[in-house]
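Peer 1: what's the 3D shape of this:
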Amino acid sequence: MTGAMVVVAPGSSVQLLIAVLVMLWYLMVVLKTAPYEEDSEDWSSFIACVALTLTCIGGLVLIQDNPSNRTYEDSLLAVILIGINVFCIALDIAIVVVVDCGLGAKCGLCRGGSDDKSTNKKKNNSNKVMPVNTNDGGIKKDDDDVTERAEAAWGQPISQEIKGQVKDWQPPPPPEN
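Peer 2: The predicted model follows:
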C-alpha cells in the first residue's frame, strides 16, 4: 500500500483519499470473505483494518484543515488518533486472551477456546450425506445397513415414504466418452 501510494500525487489530499478508498475496499473484502481459519483471527484483522482506515481519515482531516484558520484542534485529533490505535491493540490482546487462550471458555464468556472448533463457521459442517460404495460403482438399493446409517446420521427414523423413494430411485447412466 505504501509503495503504491508514493507515486499517486505525493503530499496531496488525493493521495490520502485514494488510500482511504483502497483500505475501505480491503476492509469489505476481509469482512465478507473471512479469510482466516479461526473467527478470532478474522475479528482481529477486521479491527486492525478499521483502525488503519480511521487513522487515514484522521490524516485526511489534518491535511485538509487550513493552517491559518484551524477547524479541528490538533491536540484533540492527536488524542483521538492515538486512542483509536491503543484501543485496537487492547482489543486484539483481549481477543487473544479471552478467545484464543481459552480464558473465555473457562469463565463462561465463550462457547469454547482454541480446542473447541464449534464457534468456527468454516469447520461447522451440517451435511448428513453418507456415500455408499458397491463393487459395480452403483448404489445398493436393498441394503438395510444404508437405512440404519441414514437414521443414525439424521438422528431420527426414516419414513416409509422416503424408504420407498430410495428403493425406486435409479442412478443416472454413466457418461459416454
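Peer 1: okay, residue 99 and residue 25: tell me how far apart.
Peer 2: 27 Å (CB to CB, to the nearest Å). Where you see a C-beta, it was placed from the backbone N, CA and C, and this is true even at glycine.
Peer 1: repeat for residue 6
Peer 2: Separation of residue 6 from residue 25 (CB to CB): 19 Å.
Peer 1: tell me how this protein divides into domains.
Peer 2: The chain breaks down into these structural domains: 2-119, 126-171 (assignment by automatic domain parsing).
Peer 1: find the nearest non-adjacent residue to the spatially most central residue of the chain, please.
Peer 2: Against the mean C-alpha coordinate of the chain, by CA atoms, centre = their mean, the closest residue is residue 34 at 2.3 Å. If you skip the residues right next to it in sequence, residue 34 has residue 42 as its closest partner in space, 4.5 Å away by CB to CB, 6 or more residues apart in numbering.
Peer 1: so which strand or helix has the one you found?
Peer 2: With elements taken from DSSP states H and E, the one containing residue 42 is helix 39-64.
Peer 1: next SSE after that helix?
Peer 2: helix 74-95.
Peer 1: sorry, back to before: tell me the confidence at the residue nearest to the centre of the chain?
Peer 2: According to the predicted model, the pLDDT of residue 34 comes to 88.
Peer 1: over to the one 10 residues further on?
Peer 2: The score at residue 44 is 91. That number is its pLDDT.
Peer 1: if I look at it, how far off is residue 71?
Peer 2: Distance check for residue 44 against residue 71: by CB to CB, it reads 34 Å.
Peer 1: which one of these two has more residues nearby?
Peer 2: The residue with the greater number of neighbours, taking residue 44 and residue 71 and applying other CB atoms under 10 Å, is residue 44; the counts read 20 against 8.
Peer 1: for that one, which non-adjacent residue is spatially closest?
Peer 2: In space, not counting the residues next to it along the chain, residue 44 is nearest to residue 92; the distance is 4.9 Å by CB to CB, 6+ apart.
Peer 1: mind listing what residue 17 touches?
Peer 2: residue 60 (CB atoms under 8 Å, 6 or more residues apart in numbering).
Peer 1: the residue nearest to residue 34 and residue 48 touch, don't they?
Peer 2: No. Using CB atoms under 8 Å, residue 42 makes no contact with residue 48, being 10.9 Å away.
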